[in-house]
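*Asks:* Next input, structure requested:
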Amino acid sequence: MLKFTKDHEWVLWEDSEEAIVGISEHAVEELGDITYVELPEVGASVSKGEATGFVESVKAASDIYAPISGEISEVNDTLESEPETLNKDPMGKGWIYKIKPSDLSELDGLMDEESYLKYIAEI
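*Replies:* Numbers count the residues shown, from 1 in each chain. Here you go, the predicted model:
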């Protein structure tokens, strides 16, 4: 199940113990060439909507917010040395972190891909 936030994060839940989190293609396009990614700390507990890191680009800096609450279980270390991976593949190899959800019902409040595409077309 792929869901999106209004802050342009995505979360992929595939009935495992972890969900994968990243930023959307739209966010990457708006930011431009990404030059730095600050990742959250593995083991950190985060709440939905809490800033978990940030990305810097040639245009701007932007916080990354937790789409759901839980514990950070893994980070994509590749982004520290190769932040441009986010520009190349934001929905794949450019994932930012994995999280063990503490409340799966929070996924219900997020947008599916169709709703998200409609949302970004209106902003």
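*Asks:* residues making contact with the longest helix seen in the chain?
*Replies:* When secondary structure is assigned using DSSP state H, the longest helix within the chain turns out to be helix 113-122. Outside helix 113-122, the residues that touch it by C-beta atoms under 8 Å, 6 or more residues apart in numbering are 2, 4, 6, 8, 24, 26, 111. Just so you know, the C-beta spots here come from the backbone N, C-alpha and C atoms, and that holds for glycine as well.
*Asks:* again, only using 10 Å
*Replies:* Outside helix 113-122, the residues within contact range by C-beta atoms under 10 Å, 6 or more residues apart in numbering are 2-6, 8, 10, 24-27, 29-30, 110-111.
*Asks:* Which positions in that helix come out as buried?
*Replies:* When neighbours are counted by 16 or more other C-beta atoms under 10 Å, the buried residues of helix 113-122 are found to be 116, 120.
*Asks:* same question, stretch 56-66
*Replies:* Residues 57, 62, 64-66 are the ones in stretch 56-66 that count as buried (16+ other C-beta under 10 Å).
*Asks:* Next, the buried residues of stretch 5-18.
*Replies:* Applying a neighbour-count criterion of 16+ other C-beta under 10 Å, the buried positions in stretch 5-18 are 5, 7-13, 18.
*Asks:* tell me the mean pLDDT for it?
*Replies:* Averaging pLDDT along stretch 5-18 yields 94.
*Asks:* starting at the chain centroid, how far to that stretch?
*Replies:* Relative to the centre of its chain, stretch 5-18 is centred 8 Å away, using C-alpha atoms, centre = their mean, to the nearest Å.
*Asks:* and what of stretch 39-58?
*Replies:* On the basis of C-alpha atoms, centre = their mean, stretch 39-58 is displaced by 9 Å from the centre of the chain it belongs to.
*Asks:* now do stretch 113-123
*Replies:* Between the mean C-alpha point of stretch 113-123 and the mean C-alpha point of its chain there is a distance of 17 Å (C-alpha atoms, centre = their mean).
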